[in-house]
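Chemist: Give me a model of this one.
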Amino acid sequence: MEIRKATEKDIDGIIRLLSRVLGVHATIRPDIFIPGTTKYGPDELCKLIEDPDTPIYVAVDETGEMAGYVFCALKKQPDAPTLVPYSYLYIDDLCVEEKAQGSGVAEALFRFAADRAKELGCYEVTLNVWEGNDRARHFYEKMGLKPQKTYMEMIL
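Modeler: Below you'll find the model as predicted:
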């Protein structure tokens, strides 16, 4: 398996996986997510792929078939007198093909992104997990992540 920066030729595979992720989220929160849609379209993906602050890394097998991806965003702590300034890597999305699950692809993608963050001098890696996505939460806890804060809601 090789992990590399995504290119435009990866867009179809990325969209296929984005649809899978949306399906998971729509099952958990049908009040928020619209089934059959994706977070990004081809034009938006082209822009993300070209932007050095939003790297997308893909895992491909020996035949070049996509096994998974991780969307990243390099960010800076907002400038505020009460906060220490630092940069961090936000993982916007991580998904693995169903047939590749359990083979270490997700862990390899996560560790690859964390290594890139460290090389860039980031203080931390952050991400969000939707409540009810217990499988993802368990995976990230296994990778060493801990809750930083709790984002709460009251549906009216």
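Chemist: who touches the most centrally placed residue in the chain in this structure?
Modeler: Centroid-nearest residue in the chain, with Cα atoms, centre = their mean: Asp93, separated by 2.0 Å. By Cβ atoms under 8 Å, 6 or more residues apart in numbering, the contact list for Asp93 reads 18, 21, 39, 69-71. In short, each C-beta sits where N, CA and C put it, glycine included.
Chemist: what about it, which SS state?
Modeler: Secondary structure, DSSP: H, G, I helix; E, B strand; the rest coil: Asp93 is strand.
Chemist: can you pull the buried residues of stretch 4-20?
Modeler: For stretch 4-20, a neighbour-count test (16 or more other Cβ atoms under 10 Å) marks 6, 10-11, 13-15, 17-18 as buried.
Chemist: Show me how far it is from its chain's centre.
Modeler: Distance of stretch 4-20 from its chain centroid, counting by Cα atoms, centre = their mean, to the nearest Å, is 12 Å.
Chemist: Confirm Val24 sits in a helix?
Modeler: Yes. Judged by three-state DSSP, Val24 forms part of a helix.
Chemist: That one is in contact with Asn133, isn't it?
Modeler: Yes. Here Val24 reaches Asn133: they are 6.6 Å apart, a contact under Cβ atoms under 8 Å.
Chemist: where does this protein dip in pLDDT?
Modeler: Residue ranges of the chain with pLDDT under 70: none are present.
Chemist: Now do the helices for it: every range, in order, please.
Modeler: 11-28, 42-50, 105-119, 134-142 (DSSP state H).
Chemist: how far does the second one sit from the chain's center?
Modeler: In this case it means helix 42-50. Put simply, helix 42-50 sits 15 Å off its chain's centre (Cα atoms, centre = their mean).
Chemist: Find the residue closest to Leu74 in space, skipping its chain neighbours.
Modeler: Asp53 (4.8 Å; Cβ to Cβ, 6 or more residues apart in numbering).
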